[in-house]
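Visitor: Structure, please.
(chains A, B, C and D)
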Protein chains: 2
Amino acid sequence: MKAATAMAALRERDDATDIAVGEGDDRALPGAQVVDRVVDILETFPRIGPELGVSDISRALGLKKATAHRLLASLRRRGIVAQDPVTRRYRLGLKLWELGSMAATQVDWVDRVKPFLQQLTDATGETSHLAVLNDGQVLYVDKVESSHSLRMPSQVGKRNPVHCTGVGKAQIAFLPPEVLQNLVARRGLSAFTPRTITDIDALQVELAGVRERGYAVDHEEIEEGLVCIGAPIRDHTAHVVAAISIAGPSSRLRPETIAGHAREVVAVAHRMSAVLGCPPDLLGPAPEPRRT
Amino acid sequence: MKAATAMAALRERDDATDIAVGEGDDRALPGAQVVDRVVDILETFPRIGPELGVSDISRALGLKKATAHRLLASLRRRGIVAQDPVTRRYRLGLKLWELGSMAATQVDWVDRVKPFLQQLTDATGETSHLAVLNDGQVLYVDKVESSHSLRMPSQVGKRNPVHCTGVGKAQIAFLPPEVLQNLVARRGLSAFTPRTITDIDALQVELAGVRERGYAVDHEEIEEGLVCIGAPIRDHTAHVVAAISIAGPSSRLRPETIAGHAREVVAVAHRMSAVLGCPPDLLGPAPEPRRT
DNA sequence: CTCAAGTGCTCCATACTGTGGAACGACGGT
DNA sequence: ACCGTCGTTCCACAGTATGGAGCACTTGAG
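Guide: Residues are numbered from 1 along each chain as shown, chains lettered A, B, ... in the order given. Purely as a prediction, here's the structure:
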């Protein structure tokens, strides 16, 4: 039952919004204006900068300065945003972080699979990520840094497109076809590098390969020199609820070493799925274990 | 400069609200009603339960069902809350977690000191915590679990009183006297166990000891059988900005072993302070290093 | 099965609430 | 001293959120 609610939590907007035809539905329903503006303000901080003044926000959102100030003052009183006492500029507050961490613990399985991430980094020596599908993008939930000096900046809380990431392809490969169509229609297939897959048919072929192998590879499709290997995690109903990946420079994750690393990724993913109660026979393809 | 903003971010409401005489200041300023109601709704989830219906919330907050529904619908549209497609009940959404994690990365030093927490747990074998002072309470920002089977439940994102925790006492010991007075006046000194310090004068004596030793000990003051050893972390201006602690059962953290463990805690805290640019001569008392 | 009490949700006239133009004092840079 | 910009305050207006009433539906007891 816990897993059932966990699964529901995952699909969130993917069930509600992705399947729905449009997404910019009835925007002007009553009670929405202030709420929308508040959320807009909060989303401005990640977008523009970590520390913003009233004027910055009013300019970025087209609000009057007085309005922006009033909303910010209300949010400050509640600790949602904080104000630097000397510069008088605002930043996101710790109360917001507190609420956010409560949201995370509600997705109860996250805590249960986190320990395995460390195993993955230990086994491969590369940075590993845990990500879920949310609102048509992948959202990085946790990571364990590689000990190598060459590594990526922090990604926890960040979003990325699904079609050019290991964790993305590992998850969308198992979506119902019409949901995938909808997702692509809404988010598009933007190119980030020459190797990004921008054609829907090519993507379908790629995803068929993912289903067959049980893991997904991102060959510098979102960033030059960055290679990822991702594998899906399934809950007790065998639905894909998240994905893990390792990420490293193409100099370390070379074509001839990828299969070996993928074995580790899939092995850890299967262990996570088992913890979530996934029946062993529904785990999906497992590469033959390393001979010892 | 990064450290300067980091410091400001810490003190947030402690400068703004704690020092101010009252805290329930001008509540009825315009633009506040909807914002307050929205924050009230969000805070209801941690307080009542992780999954609430419209009626639950309207009852808990005294809102009309229609109002609660309208606000929840607005929040859902933005992903701040999510709705289970079958039970139609609401829970905190991943967008909130996303925003919260952005708030955390804005306190940029957190990422810089996190690696040291693992060192502390490795050295002591106990669960270690990183916490900041916020709104007159300690807020747990990160933790590394002990490998022991006997351990505490997840505390990240949770709040605790300052007067009966290692991380709390380690921080309030270095507050300006009037700020401490204010804090105690607002939060009180509630008793959780027979050993909780509930007298302000006794607390002052205890805190003087903390300043002298450079670390704070919680001897089952918040929970029977739970012992914590905390030490402060200072930024480049030598201000205390956070604290770390180890926590374990009184059976493992016995009186005769505490001094030894405290050495480790203080050593790691000093290492963290050094990373934040604290001048070595302002680190505070350092117990003589272990002889090798 | 029936009924009643519960749920989440919708509608709409009312009036309360948030809006934004204008103005203020305070900085910080020319 | 100037000017531009900052965050902040004020207040009349009107646009917006409010909540009572009622909807369709599920749940559980009789």
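
Visitor: what about the strands in chain A?
Guide: For chain A, applying DSSP state E gives strands covering A:81-83, A:90-92, A:127-134, A:137-144, A:159-160, A:216-219, A:226-234, A:240-249.

Visitor: any idea how far the longest one is from the chain center?
Guide: If I follow you right, that is strand A:240-249. In this view, strand A:240-249 has its centroid 10 Å away from the chain centroid, taken as Cα atoms, centre = their mean, to the nearest Å.

Visitor: which residues in the stretch 1-150 of chain A form helices?
Guide: For the stretch 1-150 of chain A, the helices defined by DSSP state H, counting those that start in this stretch occupy A:2-13, A:33-47, A:54-61, A:65-77, A:94-106, A:109-124.

Visitor: circling back: adding mean neighbour count, write the strands of chain A out as JSON lines.
Guide: Backbone N, C-alpha and C define where each C-beta goes, glycine included. Shown next, in JSON lines, are those (neighbours: other Cβ atoms under 10 Å in any protein chain shown):
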{"stretch": "strand A:81-83", "mean neighbour count": "26"}
{"stretch": "strand A:90-92", "mean neighbour count": "26"}
{"stretch": "strand A:127-134", "mean neighbour count": "26"}
{"stretch": "strand A:137-144", "mean neighbour count": "22"}
{"stretch": "strand A:159-160", "mean neighbour count": "19"}
{"stretch": "strand A:216-219", "mean neighbour count": "24"}
{"stretch": "strand A:226-234", "mean neighbour count": "27"}
{"stretch": "strand A:240-249", "mean neighbour count": "26"}
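
Visitor: what about the ones you listed, which gets the closest to DNA strand C?
Guide: Between DNA strand C and those, the shortest separation by Cβ to the nearest atom of the strand is 14.9 Å, and it involves strand A:81-83.

Visitor: for the closest one, packing partners?
Guide: Here strand A:81-83 touches helix A:65-77, strand A:90-92, helix B:2-13, going by 3 or more Cβ pairs under 8 Å, 6 or more residues apart in numbering or on different chains; DSSP states H and E.

Visitor: among these, where is the model least confident on average?
Guide: Mean pLDDT values for the helices and strands packed on strand A:81-83 show the minimum at helix B:2-13, a mean of 42.

Visitor: Output the below-cut-off pLDDT ranges for chain A.
Guide: Residue ranges of chain A with pLDDT under 70: A:1-30, A:105-108, A:149-154, A:287-292.

Visitor: what's the single longest helix in it?
Guide: Looking across chain A with DSSP state H, the single longest helix is helix A:255-275.

Visitor: quick one on the thing from earlier: any idea which of the strands of chain A gets closest to DNA strand D?
Guide: Closest to DNA strand D of the strands of chain A, according to Cβ to the nearest atom of the strand: strand A:81-83, at 6.1 Å.

Visitor: Run me through the strand neighbours of that closest one, direction for each.
Guide: The pairing partners recorded for strand A:81-83 under DSSP bridges are strand A:90-92 (antiparallel).

Visitor: Counting neighbours, what do you get for the residue nearest to A:R213 when sequence neighbours are not counted?
Guide: In space, and not counting its chain neighbours, A:R213 is closest to A:P285: 6.4 Å by Cβ to Cβ, 6 or more residues apart in numbering or on different chains. Applying other Cβ atoms under 10 Å in any protein chain shown, we find 11 residues neighbouring A:P285.

Visitor: got a list of what A:P285 touches?
Guide: Counting by Cβ atoms under 8 Å, 6 or more residues apart in numbering or on different chains, A:P285 makes contact with A:R211, A:E212, A:R213, A:G214.

Visitor: hmm, which of those are the buried ones?
Guide: With burial judged by 16 or more other Cβ atoms under 10 Å in any protein chain shown, the buried subset of the contacts of A:P285 is A:R213, A:G214.

Visitor: Which of the contacts of A:P285 sits closest to DNA strand C?
Guide: A:R211 (34.3 Å).

Visitor: Cool, thanks, talk later.
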